[in-house]
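>>> have a look at this prediction, sequence included:
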Amino acid sequence: MGLLALDTPFIGTVTLPGGGTRDIKISPQFLTSTLLKTEITASPTDSRYAIGNMVIRTNSLGRGQITFPTFAGLKGRTTSQLCPVGTRVTKMLGKVSVAGVKGELDFAASRI
């Protein structure tokens with residue numbers, strides 16, 4: 001979520017059972033908003049997305065979790081995020097649901 005300009009998206013991959021991958025893009029939608037678009041490729045010619053608000057949960061040490069919407073209906077969630085002191089989140093690792101694939105899958109995404 002940018003304060004002066006729309007922030008850059010997170011770009012990465014979701015790891016499928018058996019070792020394949022799908023592209024994931026998590027993009028802010030509006031300036032100073034928590035609205036995100038989470039887009040995951042379904043095939044080389046098809047992608048599916050959900051748009052909704054992210055939620056940030058943080059403890060007193062500054063550690064926490066980010067959740068966000070997915071097309072599959074379950075929330076994606078971070079298990080780790082890189083946020084250098086005094087800056088914004090630059091990398092997210094976590095779990096995400098993908099339509100047509102059973103269970104939560106690992107993802108890794110960084111800002112470009």
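Sure thing, it's come through.
>>> ok, the nearest residue to residue 34 once chain neighbours are set aside - contacts?
Leaving aside its sequence neighbours, residue 34 sits nearest to residue 53 (Cβ to Cβ, 6 or more residues apart in numbering; 4.6 Å). Placement of C-beta: from N, CA and C, glycine included. Residue 53 makes contact with 34-36, 69 under the criterion Cβ atoms under 8 Å, 6 or more residues apart in numbering.
>>> buried members of those into PyMOL, please.
Applied in PyMOL, the following selects the buried portion of those according to 16 or more other Cβ atoms under 10 Å:
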select buried, resi 36+69
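>>> in helices only, show me the contacts of residue 53.
Among the contacts of residue 53, no residue falls in helices (DSSP state H).
>>> dump the contacts of residue 53 into JSON lines; add pLDDT and distance to residue 4 as well.
Converted to JSON lines, those look like this (pLDDT from 0 to 100; distance: Cβ to Cβ, whole Å):
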{"residue": "34", "pLDDT": "90", "distance to residue 4": "16"}
{"residue": "35", "pLDDT": "94", "distance to residue 4": "17"}
{"residue": "36", "pLDDT": "94", "distance to residue 4": "18"}
{"residue": "69", "pLDDT": "93", "distance to residue 4": "25"}
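>>> circling back to that earlier point, can you tell me how far the residue nearest to residue 34 is from residue 80?
21 Å (Cβ to Cβ, to the nearest Å).
>>> try residue 7
20 Å.
>>> the more surrounded of those two?
Higher neighbour count among residue 7 and residue 80: residue 7, with 15 against 11, using other Cβ atoms under 10 Å.
>>> who's the nearest residue to that one once chain neighbours are set aside bridged to?
Excluding its sequence neighbours, the residue lying closest to residue 7 (Cβ to Cβ, 6+ apart) is residue 28, at 4.8 Å. The partner list for residue 28 in beta bridges (DSSP bridges) reads residue 36.
>>> isn't residue 28 right up against residue 38?
No - between residue 28 and residue 38 there is no contact under Cβ atoms under 8 Å: 11.1 Å.
>>> which of those two has more residues huddled nearby?
residue 38 (26 against 19).
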